[in-house]
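Novice: This is a predicted model, with the sequence first.
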Amino acid sequence: MATTRNLHGVPVGLPERTAPKSAAYPPAFLEYAWYVCLVYALLGQAWGIVIPLVGGLIWMLIAAACLMSAGGRELSIYKPVAWAFCTGALMIGIELLFHEWNEKAAVEATAFVQWLALLIIVQSLSLRPGFLQRFALVAFAIGLACLPYLNVKAVGGVMRAWATGTGISNPNVLGMWFGFCTVYFVFWGLQFRDPILRVAIWTAAILSFFIVLIAVSRGPLFAVALACLVGFRSALKGSFGPLVALSFLVFIVSLTGVFDDWLGYYFVRGAEESGRGKLWPAAMERILDSPWVGVGLGDIGILQYDGRLINPHNALLHIALGGGVIPVICFLGYLSKVVMGALRNMQRGHVAEVSLLPPLVVFALVEIMVLDLAFMTAWPVVVFGLAARASLTKA
């Protein structure tokens with residue numbers, strides 16, 4: 001059984017999230033093939049190597065290979081996220097049966113198909129010991145590869161960073177991606193006694209947090225703060241010294257003044273109306289007009305006074321608009337499994353990935369409440385999948 005070390009350097013076993021001892025793990029090449037596919041999806045356009053349909057086809061082939069590698073264990077592997085599969089299948093089925101098919105609907109339906117494939121891939125690959133750690137390192141590497149494409153421009157009088165040409169170009173998505181890295185590295189650093197390793201990991205956390213700041217997106221910043229609050233709740237019990245060291249490192253960096261200007265932009269944005277106070281009531285009104293099958297994936301946009309169509313910036317409202325209340329109920333079932341798993345992990349204490357999942361789940365939950373399809377991004381699927389599996393294991 002794979003082992004790691006707890007906060008006191010004692011070797012401990014991984015929690016019961018892996019496959020039975022008698023069962024084989026999915027082949028390693030599938031995991032690395034998925035990482036390559038992920039890099040291609042997020043950086044292919046920036047690198048000028050995009051070939052139409054190839055990325056999607058490879059994505060589906062990896063999902064099929066993961067499904068075939070289950071070896072008769074499909075029920076146990078995919079049961080934790082069964083409600084998510086129901087959500088995606090219902091959204092596609094309702095669209096095909098009850099709504100007009102148009103270009104917008106095709107794009108949305110394709111996104112749901114890719115999400116279903118991603119669920120299959122992640123639930124299979126997460127059986128492999130150390131999957132979360134490897135994924136987080138790949139995610140950070142992808143983020144670093146996007147840095148050369150960063151450009152800062154004024155939007156409404158506020159300077160914001162964009163990763164132009166990449167799959168995380170939007171400031172909100174950019175902030176989410178590096179916010180995940182921030183939370184992961186903050187709490188992963190607590191797993192090490194070696195001060196050099198700890199400082200290196202926390203340096204990566206500070207770099208990630210700086211990108212979150214320059215994206216000037218309120219959602220990721222709030223989510224990072226809330227995730228750290230939840231994560232430190234139990235961390236304070238056994239690692240006061242490391243937390244003091246982390247605070248001192250952050251203090252030293254802050255003395256350089258590197259964060260000062262960007263924090264000022266948050267005060268400017270904080271005084272702005274987010275628009276959700278108008279978007280969400282308008283979305284609810286449309287949902288109540290057609291509660292059972294929604295208005296269709298091709299008609300989710302909410303008309304603004306200036307003639308623009310804007311999505312509701314909330315995953316639950318987006319799903320309800322597209323397919324009605326039944327898919328929302330299924331999606332809530334999926335989230336309930338995730339939350340149960342996170343709570344169960346909090347009770348287990350600081351052991352390997354167990355201590356990392358609760359703050360990551362909190363971060364992801366905040367993000368899906370402020371962005372439409374954030375739950376389809378790779379890192380929330382990984383975090384939710386691991387947490388949902390934990391909900392079915394013994395405490």
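Specialist: Alright, I've got the coordinates.

Novice: Quick check: closest non-adjacent residue to Ala215.
Specialist: Nearest in space to Ala215, with sequence neighbours left out and distances taken as CB to CB, 6 or more residues apart in numbering, is Gly175 at 3.7 Å. Where C-beta positions appear, they are placed from N, C-alpha and C, glycine not excepted.

Novice: actually Ile120, sorry about that
Specialist: Ala63 (4.5 Å).

Novice: Show me the strands in the chain, by range?
Specialist: Secondary structure of the chain by DSSP state E: the strands cover 3-5, 11-13, 150-155, 158-163, 302-303, 309-310.

Novice: Hmm, Ile120 is touching Tyr78, no?
Specialist: Yes: Ile120 lies in contact with Tyr78 (CB atoms under 8 Å); the separation is 7.2 Å.

Novice: Neighbours of the residue nearest to Ala215, how many?
Specialist: Neighbour count of Gly175, defined by other CB atoms under 10 Å: 28.

Novice: Quick check, pLDDT for it.
Specialist: Note for Gly175: predicted pLDDT of 92.

Novice: which residues does it contact?
Specialist: Neighbouring residues of Gly175 by CB atoms under 8 Å, 6 or more residues apart in numbering: 211-212, 215-217, 219-221.

Novice: at 10 Å what do you get?
Specialist: Residues counted as contacts of Gly175 (CB atoms under 10 Å, 6 or more residues apart in numbering) are 160-161, 168, 182, 211-221, 223-224, 367.

Novice: What of Arg160?
Specialist: By CB under 10 Å, 6+ apart, Arg160 lies in contact with 151-154, 170-172, 174-175, 214-217, 262, 265, 269.

Novice: hang on, the earlier thing: so which of Ile120 and Tyr78 has more stuff around it?
Specialist: Legend: neighbour count by other CB under 10 Å for Ile120 and Tyr78, higher for Ile120 (23 against 18).

Novice: pretty sure the more buried one is touching Ile77, no?
Specialist: Yes: contact criterion CB atoms under 10 Å: Ile120 and Ile77 qualify, at 9.0 Å.

Novice: contacting residues around Leu174?
Specialist: The neighbourhood of Leu174, defined by CB under 10 Å, 6+ apart, consists of 143, 146, 150, 160-163, 166, 168, 211-212, 214-215, 217, 220.

Novice: most neighbours, which of these?
Specialist: Pro220 (31 neighbours).

Novice: ok, now how distant is that residue from Ala145?
Specialist: 19 Å (CB to CB, to the nearest Å).

Novice: Could I get the full set of helices for the stretch 51-200 of the chain?
Specialist: Using DSSP state H, counting those that start in this stretch, the helices of the stretch 51-200 of the chain run over residues 54-68, 74-78, 82-98, 103-125, 131-146, 171-189, 195-215.

Novice: Please pull out the lowest mean pLDDT helix or strand from this protein.
Specialist: Lowest by mean pLDDT, DSSP states H and E among the helices and strands of the chain is strand 11-13, with a mean of 41.

Novice: Thanks a lot, catch you later.
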